[in-house]
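In: here are the coordinates; sequence isn't available:
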């Protein structure tokens, strides 16, 4: 697997250039097999998973930093990223539980760092973390781990293991904000493939809202919004049994997201 | 007007105890005379207005800090406060425009600080600010300025003057998030008096959403949610002309806010 090499004097560079006490963590969400999924990174050498995160340079806007961090840690570029919450609990300052600090030290000692030693104490100071979520089409996305990680994996949000530090809480907050801001985010167009069935769309809404929706009611409400284009069925023998495929009318969709889609259940 | 006295060694205390590079600003919103209003502070000696803000102690959670800062700067306690966004733009690091830095220096030089001099450079470093909004019933609220401010004033959000630094942007983001999260925030119950007319509620929604709503449609949708209690009219001669008064069923209201009120327009 391709992995980004650390630049020379990586630690020194970080200590000299990062804005103290501030960090960013990214919750990258996708949708596959009727499941909402999150992209996780596995650290090298140990069974320790985390969200991709990193630090902000003193000369960087937060939004820029989020894009750079995501690219450095996963290889993903040009994706929809939006800030959703800042985690400023005091407990984060001791958030590496002692066994996690020991585990991190063990991992880092095995990862060669050109030009300087690791400074584990630097990482365990009080950091406030600003969470960004990203919405991606999994089929169009190939994530690649960085030099700290062994691999990336898409994991159903229902089956996420115990993560580093408070990353489980960060994920839960991202899902809450996704639900609250659903009408104002380009969720459908970002997570679904270009063409999808009404059932795909309903299942996506159900995954995010955490409720079952009544089929005909959902279809009526969604069609009434006027943001979908229905495609003709292909004329094959079994086509009359196949469900209709839809796509979003990009212009109408963008206007609705701006104003609030107005879907209620 | 009563004003809180600065504690001894205020500046030294701040330098020693504040988490570097992080701040909090509060957008306190109320509703009066059919207008959405924001509480502003006027600095002493000059015509310079701002949102009440302050710094986070190293030993404090962000949410605790927001409550303390609001109490110290305005005297307000026990009010609904919720984080809405973190402002991490680089331009904030030079955000005191030169003329504002000069103005602040001039103001601070006139405010006695027991035990130490002001360190204006400390305030003009790069600070990331996390915004909190507060929703209050103006009639039940008496704000008092702190030792830095001459007075507090409720100002219609439509008529806010040019504020210190990026505080106008912070206010705009608060209003945007209020609109986006409207169905998940206790807006009606926090901003309206205990009893209100259907027109009051509609005007409040219109102020927040920035649209005109059709009266009968609004009434039908709101009543259908089952969160309002209608009160009997008082039996006076002109009572048949008076509009009905309503209040919120607190239990149903709380359950709806938790799940999402489901009002769409």
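Out: Okay, I see it. Keep in mind that this is a model prediction, so the values were computed, not measured. Numbering: from 1, shown residues only, chains lettered A, B, ... in the order given.
In: neighbours of residue A:200, just the number please.
Out: When neighbours are counted by other C-beta atoms under 10 Å in any protein chain shown, residue A:200 registers 19. No exception for glycine: its C-beta is placed from N, CA and C like everyone else's.
In: again, but for residue A:133
Out: Residue A:133 is flanked by 26 other residues according to other C-beta under 10 Å.
In: could you say which helix or strand holds it?
Out: Assigned by DSSP states H and E, residue A:133 falls within strand A:128-135.
In: looking at stretch A:229-249 now, give me its mean pLDDT.
Out: Average pLDDT, stretch A:229-249: 82.
In: do you know how far residue A:16 is from chain B?
Out: 15 Å (C-beta to the nearest C-beta, to the nearest Å).
In: list the residues that contact residue A:71.
Out: By C-beta atoms under 8 Å, 6 or more residues apart in numbering or on different chains, residue A:71 lies in contact with residue A:77.
In: sort out which residues of the host helix or strand of it are buried, please.
Out: Here residue A:71 sits within helix A:62-74, counting by DSSP H and E. Going by neighbour count (16 or more other C-beta atoms under 10 Å in any protein chain shown), the buried part of helix A:62-74 is A:62, A:65, A:66, A:67, A:68, A:69, A:70, A:71, A:72, A:73, A:74.
In: from these, which is closest to residue A:54?
Out: Closest approach to residue A:54 among the buried residues of helix A:62-74 (C-beta to C-beta): residue A:69, at 3.7 Å.
In: pretty sure that closest one is touching residue A:26, no?
Out: Yes: with contact defined as C-beta atoms under 8 Å, residue A:69 reaches residue A:26; the gap is 6.7 Å.
In: mutual contacts of these two, please.
Out: Joint contacts of residue A:69 and residue A:26 (C-beta under 8 Å, 6+ apart) are A:52, A:53.
In: give the contact list for the spatially most central residue of chain A.
Out: Taking C-alpha atoms, centre = their mean, the centroid of chain A lies closest to residue A:28, which sits 0.9 Å from it. Neighbour list for residue A:28: A:38, A:39, A:52, A:70, A:74, A:76, A:79, A:133, A:134, A:136, A:143 [criterion: C-beta under 8 Å, 6+ apart].
In: of these, which is the nearest to chain B?
Out: The closest of the contacts of residue A:28 to chain B turns out to be residue A:133 (C-beta to the nearest C-beta; 13.8 Å).
In: re the thing from before, continuing past the helix holding residue A:71, what's the next helix or strand?
Out: The first helix or strand that comes after helix A:62-74 along the chain, using DSSP H and E, is strand A:80-87.
In: now do that next one and strand B:80-87, the angle between them.
Out: Here strand A:80-87 points in a direction 130 degrees away from that of strand B:80-87 (axes from the mean of the first three to the mean of the last three C-alpha atoms, to 10 degrees).
In: my guess is residue A:242 contacts residue A:233. True?
Out: Yes: assessed by C-beta under 8 Å, residue A:242 is found in contact with residue A:233 at 5.9 Å.
In: more neighbours, those two?
Out: residue A:233 (14 against 11).
In: neighbouring strands for the following helix or strand past the strand holding residue A:133, and are they parallel or not?
Out: Going down the chain from strand A:128-135, the next helix or strand is strand A:149-156, by DSSP H and E. Applying DSSP bridges, strand A:149-156 is found paired with strand A:35-43 (antiparallel).
In: how far does the partner strand sit from its chain's centre?
Out: With C-alpha atoms, centre = their mean, to the nearest Å as the basis, the distance from the averaged C-alpha position of strand A:35-43 to the chain average is 8 Å.
In: show me what the next helix or strand after it is packed up against.
Out: Remark: after strand A:35-43, the chain's next helix or strand is strand A:49-50, criterion DSSP H and E. Judged by 3 or more C-beta pairs under 8 Å, 6 or more residues apart in numbering or on different chains; DSSP states H and E, strand A:49-50 is in contact with strand A:35-43.
In: which one among the buried residues of helix A:62-74 gets closest to chain B?
Out: Nearest member of the buried residues of helix A:62-74 to chain B, counting by C-beta to the nearest C-beta, is residue A:62, at 2.9 Å.
In: quick one: pLDDT of the closest one?
Out: For residue A:62, the model assigns a pLDDT of 97.
In: OK, contacts around it?
Out: Residue A:62 makes contacts with A:24, A:56, A:83, A:130, B:86, B:88, B:89, B:128, as judged by C-beta under 8 Å, 6+ apart.
In: residue A:168 is in contact with residue A:162, correct?
Out: Yes: Residue A:162 lies in contact with residue A:168 (C-beta under 8 Å); the separation is 6.7 Å.
In: give me the more crowded residue out of those two.
Out: A count of neighbours by other C-beta under 10 Å puts residue A:168 above the other of residue A:162 and residue A:168, at 14 against 8.
In: so that one, which of the three states?
Out: When classified by DSSP: H, G, I helix; E, B strand; the rest coil, residue A:168 comes out as helix.
In: which ones are touching it?
Out: If you count contacts by C-beta under 8 Å, 6+ apart, residue A:168 has them with A:160, A:162.
In: tell me the spacing between it and chain B.
Out: Per C-beta to the nearest C-beta, residue A:168 is found 18 Å from chain B.
In: pLDDT score for that residue?
Out: At residue A:168, the predicted lDDT confidence score is 96.
In: now the helix or strand hosting residue A:246, how far from the chain's geometric center?
Out: Taking DSSP H and E as the definition, residue A:246 sits inside strand A:245-248. Centre-to-centre, strand A:245-248 and its host chain are 24 Å apart (C-alpha atoms, centre = their mean).
In: next structured bit after it?
Out: Counting by DSSP H and E, the next helix or strand C-terminal to strand A:245-248 is helix A:250-259.
In: contacts for that next one?
Out: Under the criterion C-beta under 8 Å, 6+ apart, residues A:183, A:184, A:185, A:186, A:188, A:189, A:225, A:226, A:227, A:262 lie in contact with helix A:250-259.
In: ok, the first one - contacts?
Out: With contacts defined as C-beta under 8 Å, 6+ apart, residue A:183 is in contact with A:257, A:260, A:261, A:262, A:263, B:180, B:264.
In: and if you look at the third one?
Out: Residue A:185 makes contact with A:82, A:135, A:178, A:257 under the criterion C-beta under 8 Å, 6+ apart.
In: rerun that using 10 Å as the cut-off
Out: By C-beta atoms under 10 Å, 6 or more residues apart in numbering or on different chains, the contact list for residue A:185 reads A:80, A:82, A:84, A:133, A:135, A:177, A:178, A:191, A:208, A:257, A:261, B:180.
In: just the buried ones from those residues?
Out: A:82, A:84, A:133, A:135, A:177, A:178, A:191, A:208, A:257, A:261, B:180.
In: which pair of those residues spans the longest distance?
Out: Farthest-apart pair in these is A:191 and B:180; separation 18.9 Å (C-beta to C-beta).
In: my guess is residue A:137 contacts residue A:186. True?
Out: No: with contact defined as C-beta atoms under 10 Å, residue A:137 does not count as touching residue A:186 (11.5 Å).
In: ok so, going back, just put the contacts of residue A:28 in JSON lines and tack on distance to residue A:93 and pLDDT.
Out: What follows is these, written out as JSON lines (distance: C-beta to C-beta, whole Å; pLDDT from 0 to 100):
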{"residue": "A:38", "distance to residue A:93": "25", "pLDDT": "98"}
{"residue": "A:39", "distance to residue A:93": "27", "pLDDT": "98"}
{"residue": "A:52", "distance to residue A:93": "21", "pLDDT": "97"}
{"residue": "A:70", "distance to residue A:93": "25", "pLDDT": "96"}
{"residue": "A:74", "distance to residue A:93": "27", "pLDDT": "96"}
{"residue": "A:76", "distance to residue A:93": "29", "pLDDT": "95"}
{"residue": "A:79", "distance to residue A:93": "31", "pLDDT": "87"}
{"residue": "A:133", "distance to residue A:93": "24", "pLDDT": "96"}
{"residue": "A:134", "distance to residue A:93": "27", "pLDDT": "94"}
{"residue": "A:136", "distance to residue A:93": "32", "pLDDT": "94"}
{"residue": "A:143", "distance to residue A:93": "30", "pLDDT": "94"}
